[in-house]
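*Asks:* sequence first, then the predicted structure:
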Amino acid sequence: MSELGFTKSEMMIVAAARELARAHVCFVGVGLPNIAVNLAKRTVAPDLEMVYEAGVFGARPARLPLSIGDPTIVTGATAVVSMFELFGYYLQRGLIDVGFLGAAQIDRFGNINTTVIGDYGAPKTRLPGSGGACEIAINAREVFVIMRQSARSFVREIDFRTSPGNLGGAEQSEAIRRAGGWNGRGPSVVVTDLGVWRFDETGEMYLESLHPGATLDEVRATIAWEPKIGAHLGTTPAPTAEELRLVREELDPDGVYAR
Amino acid sequence: MSELGFTKSEMMIVAAARELARAHVCFVGVGLPNIAVNLAKRTVAPDLEMVYEAGVFGARPARLPLSIGDPTIVTGATAVVSMFELFGYYLQRGLIDVGFLGAAQIDRFGNINTTVIGDYGAPKTRLPGSGGACEIAINAREVFVIMRQSARSFVREIDFRTSPGNLGGAEQSEAIRRAGGWNGRGPSVVVTDLGVWRFDETGEMYLESLHPGATLDEVRATIAWEPKIGAHLGTTPAPTAEELRLVREELDPDGVYAR
Amino acid sequence: MPGKVTSMHDAVAAIVRDGDTVAIEGFTHLIGFSAGHEIVRQRKRDLVLARMTPDVIYDQMIAGGVARKLIFSWLGNPGVGGLNAIRRRIEPASLAGDRPLEIEEYSHFGMVARYTAGATNLPFMPLRSYFETDLPKANPLIRPIKSPYSDEVVYAVPPLNPDVSIIHAQRADANGNTQIWGLLGCQKEAAFAAERVIIVVEELVDESVVRADPNRTVIPGLIVDAVVVEPYGAHPSYVQGAYDRDNRFYLDWDPISRDEDKVQAWLSEWVYDLPDRAAYVEKLGAERIASLRPGPAPSGSVDYGSYR
Amino acid sequence: MPGKVTSMHDAVAAIVRDGDTVAIEGFTHLIGFSAGHEIVRQRKRDLVLARMTPDVIYDQMIAGGVARKLIFSWLGNPGVGGLNAIRRRIEPASLAGDRPLEIEEYSHFGMVARYTAGATNLPFMPLRSYFETDLPKANPLIRPIKSPYSDEVVYAVPPLNPDVSIIHAQRADANGNTQIWGLLGCQKEAAFAAERVIIVVEELVDESVVRADPNRTVIPGLIVDAVVVEPYGAHPSYVQGAYDRDNRFYLDWDPISRDEDKVQAWLSEWVYDLPDRAAYVEKLGAERIASLRPGPAPSGSVDYGSYR
């Protein structure tokens, strides 16, 4: 932990959770999205309807789910349905406001790779693959991304496009999404361990705020292109004592995500 | 009731029920098939799995269902599922041995009309339509038909083909069914109030047995084409006392079907 | 009353609009008679009525003059006979100068597949039906489609997305989280396919009842606009575990429906002249209601486990 | 024991054949570990393993040498990390002369749609996915299809019909009528799509238990070939209401799976050297099993009504 009193990961999780203040129905992805959404449910978005691709609508987890198929997301939920129905009637029908995804690689337009590093047929590193991410990116009304920054993850060109973002830019993306009848408008925010990124009118991400203690040099050192910096670059408000308590005591007592 | 001690309708229902002796899974149609299959379950086919298009597999009706969606087919059933699953996972998947249908019009090749008498756009009589009959005729492994004979129902040309039988004959029907990947081989028996009809190698129905008391003259008077009579025309065994008791006391005490 | 709970009058007044495509679904079970009667009572017009099995309720609604078109797969009074009020609007010999009812006809699986396409936001749904039948000729929306994996051709139907779906159920909470047991028909698909949803229940329950058995939930409150609490609202059809089908009514309807004057007299007596379902139930009488009550047949309870 | 009840040994010996396509489904919940171990123990070979989320069980099976190909949509140790034994068969740098594992990759909905097409006997299933991704390039079985109602193009996937599907469940009767609560994943679809089905249950119940709540039935005995009764057969995954996921096992597997020798040692100790699941449970120990027991959370009972 830094002298700030919280870790970079804690700041990332807290900043991501706050993004859900205005969301109503959120599709919870595996890993970091899971803890961020569960924190939001306990703070800024108590009425948030949590949807898990495993087939749960209106989850009320009594503990942080160990995975996105944990029994605690079932007990006390509003509805448990087959995955055909979850993906068909909820996601593809357009009922999901926010899809919350992690990523292994992302490009400046928010296109995401979670499939392979290197060549698909002979990969350097085999990653998990799409899971539901491909259809979430297409059918959730908007997409939030949470991931740590590094020059290996914020890349000029992703090795495999698992989940479409703003494609080659906003104009192209909007045309294709409209013509193809996609429910989703694409990514709207990327929350990292260093700051919060949004997307400008060209569809490219720009840094909107730096987390406390993070510097622009750090940002530039962990990104493979020359990043756009917002004209009104701010500082992300630090985690509150209550946010930190929830993460440390309730959601992640073993520090799996937050250290 | 005739001097035989049973009605034509009772004979028809009993003869139809007996056809199910070798069936394992039967899709129960509305009306006469409903009582015939329920009689079979109580006599020749105690292990028969009754499937109702309403979404029931393994029904154990405690009374004769008033319709094919009666609550008595649900209570005590093995499984109750959505109609998407019933038609998709059971019927279209090929799990149904016998589809048991009624008909308003039938031709010599067992093609069935339950849609209109007269012109479709300006009908003389508007009938119920397909319901599930169209897909039952295509996807049940074989089809049993139960209907009363009359010159208006056993016709040279049906006014509308709701449910395909042997089409223009066996050769054509087999070729089309094979090429199209249908589960169903088509109709195998037609039980009427006068006799039992089967289909020969040309796909045309022939009279296999006459019910007690019925005559060939009656048969010819209630059919619009010159019917084929089986080389070994037999007499349908009369209903047993137990069959009649079940129909009269348990299944149809008000005589809705059997009088 | 909290959440989305409202009266049938207010729900229909606010949610059903002239010209809408309206689906009251429920296969034999849970047929929304009280909702249909309220639509007649409020003299909605030019509706497109969708339903797999139009049944007596659509016979009554069409006799009430609410519809210009019917989308269906089986037209009958189940276990009894035909739907005579509807037939009078279809058969030229009996039209008597009336505008004919427009019809759009499928098979059962075709209707289910249409709702499923609507619920999943797909441009079509394939199915193995309609081969060598006259249905695609009668309805040009039933179209062949070739598999991208072989030369095989199956049929497709287009999505059906009602403006309003109305679903009767055993119970829901105030937000519209709805549970059904017994026959499920195509209610889930019809609800997810719709733009607006009205839920009518026998019993309003606390959210905790729904959350105790989440696998039993058929429709989430997320897609529900109004919850109406109307015990016996499905009479003369039935509600599994609560009351039986009132078969006498289905039998009685047959002679009534053969005579247009009798139909209109029936609508006056049982719909127009009554303010709501409570009055209908009172008029029906406690004895008749009591005669429909089944014996008990409990499901038993399963354990979901508490994971903390 | 009556009906289709048999031992895991006999079920796998009779029903799983070398070269078969085998789907052990269960999304996080009800993963058929005991069945997977028996397949390893019987040294089945050249299987095509299908599963949305291969999970630790397929990492173990592939390390056990049973598979030539994997069909999947998400490859990971959920909540922990990667599947290292499988990665060693995919990444050229670590292949060490081994034959690479053939892979055929979809998204989750693509896999669900494949099973659904298989279960409904359709030549393809359309879905709104894959647009502008590299997945159709990586897997040419993901193909565009044009709607017959507009110029709209969506994607299709072909049916997946396993030779054998193996489903773990809370309970079944001796004929294989099977009930599941909690996450349902795509088990129903995978079972109906299969040629042969093995059901593994925590508890064998009388037929009357199933028939008391027919809406809870997920798989009918009609499509079931064998019923195996093996309490704790889903360990280290979980069974809703019966036991929790043994997370320590998932964490422990990560370092084991990074070292081929450790993996083989683990397979010897926990699979090859044990006769069956009962021995596995005994070796695991009563204390560890007891620590996974959740508190109670009853569903409550509903009334189906007796209609005579």
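*Replies:* Great, that's in hand.

*Asks:* every contact and neighbour count from this point should use C-alpha atoms.
*Replies:* Noted.

*Asks:* next to chain A, which bits of chain C? Give me the list.
*Replies:* C:119-121, C:177, C:192, C:208, C:210-218, C:220, C:304-308 (C-alpha under 8 Å from any C-alpha of the partner chain).

*Asks:* so of those residues, which ones are in helices?
*Replies:* Of the residues of chain C next to chain A, the ones assigned to helices by DSSP state H are C:119, C:192, C:208, C:210, C:211.

*Asks:* hang on, the earlier thing: what's the PyMOL line that selects buried ones from the residues of chain C next to chain A?
*Replies:* A single PyMOL command selects the buried members of the residues of chain C next to chain A (16 or more other C-alpha atoms under 10 Å in any protein chain shown):
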select buried, chain C and resi 119+120+121+177+192+210+211+212+213+214+215+216+217+218+220+304+305+306+307
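
*Asks:* just give the number of residues close to the closest residue to residue A:85 other than its chain neighbours.
*Replies:* Distance criterion C-alpha to C-alpha, 6 or more residues apart in numbering or on different chains; nearest residue to residue A:85, sequence neighbours excluded, is residue A:55 at 7.7 Å. Using other C-alpha atoms under 10 Å in any protein chain shown, residue A:55 is surrounded by 28 other residues.

*Asks:* now do the contacts for residue A:55.
*Replies:* A:80, A:81, A:82, A:83, A:85, A:86, D:183, D:184, D:185 (C-alpha atoms under 8 Å, 6 or more residues apart in numbering or on different chains).

*Asks:* distance of it relative to residue D:227?
*Replies:* Using C-alpha to C-alpha, to the nearest Å, residue A:55 is found at 26 Å from residue D:227.

*Asks:* biggest separation within the contacts of residue A:55, which pair?
*Replies:* The span of these, defined through C-alpha to C-alpha, is set by A:85 and D:183 at 12.1 Å.

*Asks:* neighbour count: the two, which is higher?
*Replies:* Using other C-alpha under 10 Å, the more surrounded residue of residue A:85 and residue D:183 is residue D:183, with 28 against 24.

*Asks:* surely that one and residue D:27 touch.
*Replies:* Yes. Assessed by C-alpha atoms under 8 Å, residue D:183 is found in contact with residue D:27 at 7.2 Å.

*Asks:* joint contacts of these two?
*Replies:* A:54, A:69.

*Asks:* give me the pLDDT for residue 241.
*Replies:* Since no chain was named, I'll use chain A. Note for residue A:241: predicted pLDDT of 97.

*Asks:* looking at chain C here, not the other one
*Replies:* Reported pLDDT for residue C:241: 98.

*Asks:* helix, strand or coil for it?
*Replies:* Three-state call for residue C:241 (DSSP: H, G, I helix; E, B strand; the rest coil): coil.

*Asks:* what does residue C:43 give?
*Replies:* Residue C:43 - assigned by three-state DSSP - is coil.

*Asks:* try residue C:62
*Replies:* Criterion first, three-state DSSP; result for residue C:62: helix.

*Asks:* show me what the nearest residue to residue A:162 once chain neighbours are set aside is bridged to.
*Replies:* Ranked by C-alpha to C-alpha, 6+ apart and with sequence neighbours excluded, the top spatial neighbour of residue A:162 is residue A:113, at 4.9 Å. Partner residues in beta bridges with residue A:113, using DSSP bridges, are residue A:105.
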